[in-house]
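**Student:** next input, structure requested:
(2 chains)
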Amino acid sequence: MKKIPVEISQINAKERINNFGEVVLGYTEKEAEEEALRCLQCKNPSCISGCPVGIDIKKFIFQITQKDYRGAYFTIRQKNNFPSICGRVCPAEYQCRKSCILTKKGLPFASDEAINIHFLERFIGDYGIKNNLEVSQNKGNRFSVSGIKVAVVGSGPAGLCCAGELAREGIKVVVFEGLHKLGGVLRYGIPAFRLPRDILDFEINYLEKLGVEFVLNCIIGKTKTLEELFKEGFSAVFLGLGAGTPSFLGIPGENLCNIYSANEFLTRLNLMSAYEFPQAHTPINVGRHMLVIGGGNTAMDAARAALRLQRINGLPLDTTIVYRRTEVEMPARRLEIEHARQEGIKFEFLVKPTAFLGDEAGKVKKMVALRCKLGEPDASGRPRPIEIEGSDFQIDADVVIVAIGLKANRILTDVTPDLKIDKYGDVMVDKQTQETSIKNVFAGGDIVGGEGTVIEAMGMAKRAAQAIVERFLKQ
Amino acid sequence: MKLIHKEILSQDKDAKIIKITVLSPEIAQKVKPGQFVVLMVAERGERIPLTVVERNLEEGTITLIFQEVGLTTRLLGQLNVGASLFALVGPLGHPTEIKKYGKIILIGGGVGIAEIYPVAQAFKEAGNYIETIIGSRTQALLILEKELRGVSDVLYVTTDDGSYGRKGFTTDVLEELLRKEKFDLVYAVGPIPMMKKVSFLTKEFGVKTIVSLNAIMLDGTGMCGCCRVEIGAKTQFSCVDGPEFDGHLVDWDGLAKRNSIYTEQEKHICKLLIK
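**Tutor:** A predicted model of the protein is given here:
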């Protein structure tokens, strides 16, 4: 067995910041095989317990060593509908790779030596796409047999996954999306340098081939109510609404011009193609000193997008991520932090913003902040940042992106009083079936239990789909 | 999303106000006074919000009235009957709270006149006494005078240049009315300086005032926070918390500044893409 992991090839930092093209290139067949051979094939594999959907990781890696890529694909597909997507966006170092036997005990995330499970998954997912493996499984249109129709609300990871699961069982599915393009957060949130659009388009096209119908520009709760969906003949509804509404810091000056939520900044870029302004008509402001506040993947995405905008606009590179704890506590994927650093993004750790100052035109010019030190662990288990008195200082900032998380969007829940929500506004569900307080209304993804990962959303969507199948097809 | 009807309501050498009727049975069925839609003219276009002025349930259409200001409204103005919008979603925002208030003053400035029209109709139907003040820069740009006269007990018209009606601003008339008698509600839509002045005056006279804000929006569903505005020192999203707010609580200067975020880009793109 090789001790050293097979490195993944990626576009070098200097080159990749000139555009929004994909950074990580993926394993070749030889590289994948070599990395797969590093797997110890543990008798009791611990990696599987680290996967939110329980992919048989040991088996698919073994199949790679046997060059049985087709077999590996269907091993993953049993649990995960979109291996190409998850292989790119899963925070593997907190999940499967962290529980890999090669990870040293007690680390907050996977050791470098842990098997690159996510890269192998991506290799197999891409193999599946290239060879149309999924499409060949399509058993043809059986919708007339079941006569059952299900509405899926939202076309993000949860919605797409649920739609696919149901369609494969011969259930007619109509997906309702509020925006003018499909994909939810995969489209408006995650930039193309992390998830190329052709991968997403492929998965959506495949669902169309399966017979899934998509309705754009339709907001359930506004354009139509849940009740109306049932009246239209849908037997069940799956809500994959997403988290939706950005949180702000609640500090003075936060509504100054050029202070964006990460959602707005990324939506302008990813959904509206603002980096192609004026060919695309949606504008975005690029600053000389761009600050991103937060430590998650969204903060990394926003910062790396901001840096690319500076480069595209011929400005000196000056983008800084401000985080109130230290690098270890950052919830972002280690790879994204590494990529951000390689690309020239600066980090200010242990800094807590307290105010923004603007000019007469109302444009942000500076951020005022306090230095912090780490204290006792808080409810999240991470050390609490404690402000150091008298440590205030100012940083130049002419564009600020606030990436500190999302809250539930209440458009649907506000008009559906029977739909029980918790104190955060998230929809409450039965953990076994994902069914909500309204009969035959199921929910999954970020609208259940707050912000999670793509794979967790898919896990919930699959459970809901199974429950729907049980109820309507197996009785 | 198909254009069924198009009409230039008014124009002079610098400005043009256009009315379009768009096929959208679902929105027509749901929309209430005070609500808006978000639309895109082209695939690479912007998403812009527009208030729904009228609906026709039988034909399944909604009517939108807009002034050509930036690139997107000009592109929208170039669409002809039979063409389709690229995207149309709604109805968005909270509807106006329609009930019997008693005596109401409605004020519309410029293209904002279009937005008070559905509200005026609904207020009238709810049994209110209505005095309406509409104003424009000049006579050629005045819209919906006849329609609003039909639903108002009294209608006042002002033009900045005195070419029609009374010379001056809508707020001049408002001040006189407030001095003369007691009103129960003022409802105003128009340019920010007008709504600010209205709110300033009505606060002095202690009259409840509702305004409909025209913040910049992106998705229009509370997803981005681009339309945020301070209402009584609390940040609210115009799209999902509004678009109507208590005029006495709005941070008008903050709104005006945020609405100018992309002024430069707008000039640039118009110069580039409009012949």
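
**Student:** tell me what the helix or strand where B:Thr63 lies is packed against?
**Tutor:** Mapping B:Thr63 onto the secondary structure by DSSP states H and E places it in strand B:61-67. When contacts are defined as 3 or more Cβ pairs under 8 Å, 6 or more residues apart in numbering or on different chains; DSSP states H and E, strand B:61-67 sits against strand B:3-11, strand B:16-23, helix B:25-30, strand B:36-40, strand B:48-56, helix B:71-78. Where you see a C-beta, it was placed from the backbone N, CA and C, and this is true even at glycine.

**Student:** let me see the mean pLDDT of the third one.
**Tutor:** Model confidence over helix B:25-30, given as mean pLDDT, is 96.

**Student:** could I have the CA atoms of that helix written out in CSV?
**Tutor:** Coordinates of the C-alpha atoms in helix B:25-30 are reproduced here as CSV (Å, rounded to 0.1, in the frame of the first residue of the first chain):
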residue,chain,number,x,y,z
PRO,B,25,-53.8,33.4,-15.3
GLU,B,26,-52.2,32.2,-12.1
ILE,B,27,-51.0,35.6,-11.0
ALA,B,28,-54.2,37.3,-12.1
GLN,B,29,-56.1,34.9,-9.9
LYS,B,30,-54.0,35.6,-6.8
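
**Student:** residue contacts, residue 191?
**Tutor:** You didn't say which chain, so I picked chain A. Contacts of A:Pro191 were listed using Cβ atoms under 8 Å, 6 or more residues apart in numbering or on different chains, and they are A:Phe20, A:Leu266, A:Leu269, A:Asn270, A:Asp301, A:Arg304, A:Ala305.

**Student:** wrong one, I was asking about chain B
**Tutor:** With Cβ under 8 Å, 6+ apart as the criterion, the residues that contact B:Pro191 are B:Gly109, B:Gly110, B:Gly112.

**Student:** just give me the neighbour total for the first one.
**Tutor:** A count of nearby residues for B:Gly109, using other Cβ atoms under 10 Å in any protein chain shown, gives 28.

**Student:** I'd say it and B:Thr132 touch.
**Tutor:** No. In this structure, B:Gly109 sits apart from B:Thr132 without contact. The criterion is Cβ atoms under 8 Å, and the distance is 11.9 Å.

**Student:** secondary structure element for B:Gly108?
**Tutor:** Taking DSSP H and E as the criterion, B:Gly108 maps to strand B:103-109.

**Student:** look at A:Leu210 and report its pLDDT.
**Tutor:** The per-residue confidence score, pLDDT, reads 87 for A:Leu210.

**Student:** A:Pro5 versus that one, what's the distance?
**Tutor:** Going from A:Leu210 to A:Pro5 by Cβ to Cβ, to the nearest Å gives 36 Å.

**Student:** who has more neighbours, those two?
**Tutor:** Counting neighbours by other Cβ under 10 Å for A:Leu210 and for A:Pro5 shows that A:Leu210 has the greater number, 20 against 17.

**Student:** what sits against the closest residue to chain A within chain B?
**Tutor:** The minimum distance from chain B to chain A, using Cβ to the nearest Cβ, falls at B:Lys257 (3.0 Å). Neighbour list for B:Lys257: A:Leu256, A:Cys257, A:Ala361, A:Gly362, A:Lys363 [criterion: Cβ under 8 Å, 6+ apart].
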